[in-house]
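**Q** My questions are about this predicted structure, shown below with the sequence.
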Amino acid sequence: MMTTAEVTHKVQLVDGKFTAMEAKEVINSLIDEKINFHKIHRLAICEGDMNSDTTYDDSRVGQLIREKESFREIYMEAKQAGKQVRINGILEIEIID
């Protein structure tokens, strides 16, 4: 049986035009916050059992670090061209089983 979920709430987290430097600060802050979340979650899991499975958190931290590095290229391109960066970040929240 497949469960379908409906978006119950949306949060417009970021919406606007930014200088390259501002965009760098916004994106890096968001990514750093998620990295910290996964590091703390990993630590909490390991607190009682050092052999706990932290594969998901480990992979998310790695993925987020790669995303941060990937964004660096966009930031540098915009900065060198003297262009702005448009960021539209919407969180979609749904209740699931």
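**A** Thanks, I have it. Numbers count the residues shown, from 1 in each chain.
**Q** Return the list of strands paired to the longest strand along the chain, each annotated with direction.
**A** Using DSSP state E to define each element, the chain has its longest strand at strand 7-18. Note on strand 7-18: by DSSP bridges, its sheet partners are strand 85-94 (antiparallel).
**Q** how far out from the middle of the chain is the partner strand?
**A** 11 Å (CA atoms, centre = their mean, to the nearest Å).
**Q** Mind listing what's buried along the longest helix along the chain?
**A** Assignment by DSSP state H gives helix 20-48 as the longest helix of the chain. Neighbour-count burial for helix 20-48 flags 20, 23-24, 26-27, 30-31, 34-35, 38, 42 (criterion: 16 or more other CB atoms under 10 Å). In this view, the C-beta of every residue, glycine as well, is placed from N, C-alpha and C.
**Q** again, but for stretch 68-88
**A** Buried, per 16+ other CB under 10 Å, within stretch 68-88: 68, 71, 75, 78, 85, 87.
**Q** So which residues make contact with it?
**A** 14-24, 26-28, 31-32 (CB atoms under 8 Å, 6 or more residues apart in numbering).
**Q** out of the residues you listed, what pair is the most spread apart?
**A** Largest separation among the contacts of stretch 68-88 by CB to CB: K17 and D32, giving 22.0 Å.
**Q** show me what contacts the spatially most central residue of the chain?
**A** For the chain, I31 is the residue whose C-alpha lies nearest the centre (CA atoms, centre = their mean; 4.3 Å). Residues in contact with I31 (CB under 8 Å, 6+ apart) are 64, 67-68, 71.
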